[in-house]
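Asker: sequence below, structure please.
(chains A and B)
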Amino acid sequence: MSAGQGAGPAGGGKWTVLRRREAVGPLEYTRRWWMRLTVGATFLMLYAPIILLVVYSFNDSRRNIVWRGFTFKYYEKAWNNESLIEAFVNSLAIAVVNTLVATILGVLVAIALWRFRFPGKAAYEGFMMLPIVIPEICMGVAMMAFFARVGWPTGLPWPLTLSNIMIAHIAFSFPFVAVTVRGRLVGFNRELEDASKDLGASEWQTMRYIVLPYLRPGIIAGALIAFTLSLDDFVITFFTAGPNSVTLPVKIFSMVRFSVTPEVNAASTVLIVITVIATVLAMRFQSPSRRAGGEEG
Amino acid sequence: MESWRKNPVVFWLLNLGPAFWLFVFFIVPLTIVWVVSFGEKRGIVDIEITWTLANYVRAVEPLYLEIFWKSIVMAGIATLACLIVGYPVAFAIAFAPERLKAILLIAVVLPFWINALIRTYALIAVFRSRGSINFGLEWLWEQANGLLGLIGLGELALLGEKFAPLPLLYNNTAVTLGIVYAFFPFMVLPLYANIEKIDRSYIEASLDLGAGQWRTFFSVIFPLTWHGVMSGVIIVFVPALGAFFIPDLLGGTDSQLIGNVIERQFKSANDWPFGGALSFLLMYLTFGALALRAAVSGRKQGLEA
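Answerer: Reported below is the predicted structural model:
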């Protein structure tokens, strides 16, 4: 029953029908001009700075504000900036290792929490959520204090110089993977597992051929989230990174503090593009259309 | 769900790795900071754990109490701004046609996945004295001046001799706007989830019974989405409280928030015991906010049941 029905006086038939079509229904809030204006203005404010940042990375002017033609100059400059590339490679290496380990740990704990009841489970779950809820800076300083106290070696060869950052990233990102995977496990029909075991499959076979294939979209989404979290992290890395283990966000931070240059815009644009691609993929894997069983290869 | 006793091998295989990681690389580091916060600084790196409360006493001295208070106020204002801007957006998404809804949701979430540091940097380019806003204003100023010249008032320099850029950057307003910009999507999502769930017939009933749209909003819609409002407020307020690179990049000399003070203790002042005490106070504040939300939503649920 529509609220609008009783409103108009019983006027001429044809006229009313025509009019009805155009009138905004009481609940059609998205068709109201003030609503459109508010939402439009909000999205403009949300996107304009980012779009400007990307646009000005292609602007052939150091002053950064008047458009003087299209150029790849600043990308070239960024590419030839050795410390920037080093930071970028570091970021990628950390993100890859983090994705692997955090995904494994996250999937394991998600399955464990879904499958078993055990004493102290609520507390255990609470502690698992802690890295998600505590302020980043608290975790950052804790990591810094930890590595200093245990005397983590500093003069290691390349990938190992990043080991402390990797460890810290895994610690804060695997709970996010666990949350994502658990979201998918909620829809799992437990009878499938029982059926598999009844038919003689071992614990491992059930896991390998029943549970994991079902979880796949959730695992991929979780992995992509872990990847972006790691690639994007500034605060925790800022506190754990040494002079030889600078990541891209940390490098960008030090460049921004120094001055605003189109080179920073170029480096930022690269990071934006990578994270946006990873995120869009993650969202696609999480989307409901993929939940309806029958995963494609 | 089965008892872990039925299958202890699988249980331990699944839990050993994650539990180890969480304990060694999360709980232990936090414990170290907690213990250090009761210590005394002896040398550049020497800290003696004397179980003194001096660091906490120092943290509640007026100077630091003021910074705590300022952090709370600024995070609070930013949260309120997020709510006021975010509610209509969440509302529009919830009432949008299906296809548009999906697009709008992604549009809200996407900026959140772009590095907060980069988004803060993007704001600098907008706000600075040679930034986009001032550039736009200067253009308007020139047009207005030209217009005045046309009508013969050019000599009077009514709008000043030269365009003076607005000081938009390096102040508390810039920091507040930066926080709003960084955490806005956190507000929209829980609001959307709650508005979406409202039974539309309540709204129709209210409108049918003669309440206007405003009255319907304040007496029907808003109370029904109270949960989402609380969630959004906490989810924005908590990280806003600990923000440190936003005030660092957008703020002026008087925009120091508690995050900056903590950072300084660990990075440059090298006073870990004091920094540890501050960071644990920040954490207790966070837990307080979370407990408040749990209490409020628990009571609400009790009422609804």
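Asker: tell me the phi and psi of the closest residue to residue B:81 other than its chain neighbours?
Answerer: Among residues not flanking residue B:81 along the chain, residue B:180 sits closest, at 4.9 Å (C-beta to C-beta, 6 or more residues apart in numbering or on different chains). Where you see a C-beta, it was placed from the backbone N, CA and C, and this is true even at glycine. The phi/psi pair for residue B:180 (degrees, to the nearest 10) reads phi -60, psi -50.
Asker: hmm, residue B:180 is touching residue B:84, no?
Answerer: No: judged on C-beta atoms under 8 Å, residue B:180 makes no contact with residue B:84 at a distance of 9.9 Å.
Asker: looking at those two, which one has more neighbours?
Answerer: The neighbour comparison of residue B:180 against residue B:84 (other C-beta atoms under 10 Å in any protein chain shown) goes to residue B:180, with 22 against 11.
Asker: tell me the SS of residue A:139?
Answerer: helix (DSSP: H, G, I helix; E, B strand; the rest coil).
Asker: skipping adjacent residues, who's closest to it in space?
Answerer: Once flanking residues are discounted, residue A:139 sits nearest to residue A:236: 5.7 Å by C-beta to C-beta, 6+ apart.
Asker: got a list of what the one you found touches?
Answerer: Residues counted as contacts of residue A:236 (C-beta atoms under 8 Å, 6 or more residues apart in numbering or on different chains) are A:136, A:139-140, A:143, A:168-169, A:172.
Asker: now, among the residues you listed, which is nearest to residue A:162?
Answerer: residue A:169 (9.5 Å; C-beta to C-beta).
Asker: which helices and strands sit right next to the helix or strand hosting the closest one?
Answerer: According to DSSP states H and E, residue A:169 maps onto helix A:163-185. Using 3 or more C-beta pairs under 8 Å, 6 or more residues apart in numbering or on different chains; DSSP states H and E as the contact test, the elements touching helix A:163-185 are helix A:82-115, helix A:121-133, helix A:136-149, helix A:212-232, helix A:235-240, helix A:262-286, helix B:8-22.
Asker: do you know how far residue B:225 is from residue B:151?
Answerer: The spacing between residue B:225 and residue B:151, counted by C-beta to C-beta, to the nearest Å, is 52 Å.
Asker: of the two, which one has the most company?
Answerer: Applying other C-beta under 10 Å to residue B:225 and residue B:151 shows that residue B:225 carries more neighbours, namely 25 against 7.
Asker: that one and residue B:218: what is the separation?
Answerer: 12 Å.
Asker: let me know how buried residue 204 is, in neighbour terms.
Answerer: Answering for chain A, as no chain was given. The tally of other residues near residue A:204 (other C-beta under 10 Å) stands at 10.
Asker: right idea, wrong chain: chain B
Answerer: Neighbours of residue B:204 (other C-beta under 10 Å): 18.
Asker: how about the helix or strand hosting it and chain A, any contact?
Answerer: Element membership for residue B:204 (DSSP H and E) is helix B:200-208. Yes: counting by C-beta under 8 Å from any C-beta of the partner chain, chain A is contacted by helix B:200-208 at B:200, B:203-204, B:207-208.
Asker: with just CA atoms, put that helix into CSV.
Answerer: Extracted in CSV, the C-alpha atoms of helix B:200-208 (Å, rounded to 0.1, in the frame of the first residue of the first chain):
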residue,chain,number,x,y,z
ARG,B,200,9.5,0.8,5.3
SER,B,201,6.0,0.4,6.4
TYR,B,202,6.9,2.3,9.6
ILE,B,203,7.9,5.3,7.5
GLU,B,204,4.8,5.0,5.4
ALA,B,205,2.6,4.7,8.5
SER,B,206,4.2,7.8,10.0
LEU,B,207,3.7,9.8,6.8
ASP,B,208,0.1,8.5,6.5
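Asker: buried stuff in that helix?
Answerer: B:203-204, B:206-208 (16 or more other C-beta atoms under 10 Å in any protein chain shown).
Asker: pLDDT of stretch B:195-205, averaged?
Answerer: Averaged over stretch B:195-205, pLDDT sits at 86.
Asker: for stretch B:111-122, that is, sorry about that
Answerer: 86.
Asker: endpoints of that stretch, how far apart?
Answerer: Stretch B:111-122 stretches 12 Å from its first residue to its last (C-alpha to C-alpha, to the nearest Å).
Asker: can you give the distance of that stretch from its chain's centre?
Answerer: Centroid separation for stretch B:111-122 versus its chain: 13 Å, with C-alpha atoms, centre = their mean, to the nearest Å.
Asker: just the residues contacting that stretch, thanks.
Answerer: A:46-47, A:49-50, A:52-53, A:228, A:232, A:234, A:249, A:252-253, A:256, A:260, A:264, A:268, A:271-272, A:275-276, A:279, B:178, B:181-182, B:184-186, B:245-246, B:249-250.
Asker: ok, now with 7 Å
Answerer: Residues from elsewhere that reach stretch B:111-122, judged by C-beta atoms under 7 Å, 6 or more residues apart in numbering or on different chains: A:46-47, A:49-50, A:52-53, A:228, A:232, A:234, A:249, A:252-253, A:256, A:264, A:268, A:271-272, A:275-276, A:279, B:178, B:181-182, B:185, B:245-246, B:249-250.
Asker: whichever of those end up buried, select them in ChimeraX.
Answerer: Per 16+ other C-beta under 10 Å, the buried members of the contacts of stretch B:111-122 correspond to this ChimeraX selection:
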select /A:46,49,50,52,53,228,232,234,249,252,253,256,264,268,271,272,275,276,279 /B:178,181,182,185,245,246,249,250
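Asker: stretch A:86-96 near chain B anywhere?
Answerer: No: using C-beta under 7 Å from any C-beta of the partner chain, stretch A:86-96 stays clear of chain B, with a minimum separation of 10.8 Å.
Asker: enumerate every residue touching the residue in the stretch 1-150 of chain A positioned nearest to chain B.
Answerer: Proximity of the stretch 1-150 of chain A to chain B (C-beta to the nearest C-beta) peaks at residue A:135, 3.1 Å away. Neighbouring residues of residue A:135 by C-beta under 7 Å, 6+ apart: B:238-239, B:241-242, B:282-283, B:286.
Asker: which strands and helices lie in contact with the next helix or strand after the helix holding residue A:169?
Answerer: Per DSSP H and E, the first helix or strand lying C-terminal to helix A:163-185 is helix A:190-198. Judged by 3 or more C-beta pairs under 7 Å, 6 or more residues apart in numbering or on different chains; DSSP states H and E, helix A:190-198 is in contact with helix A:203-206.
Asker: how is chain B carved up into domains?
Answerer: B:65-128+B:168-297, B:133-166 (automatic domain parsing).
Asker: residue B:85 sits in which helix or strand?
Answerer: Per DSSP H and E, residue B:85 falls inside helix B:62-94.
Asker: right, I'll call it a day here.
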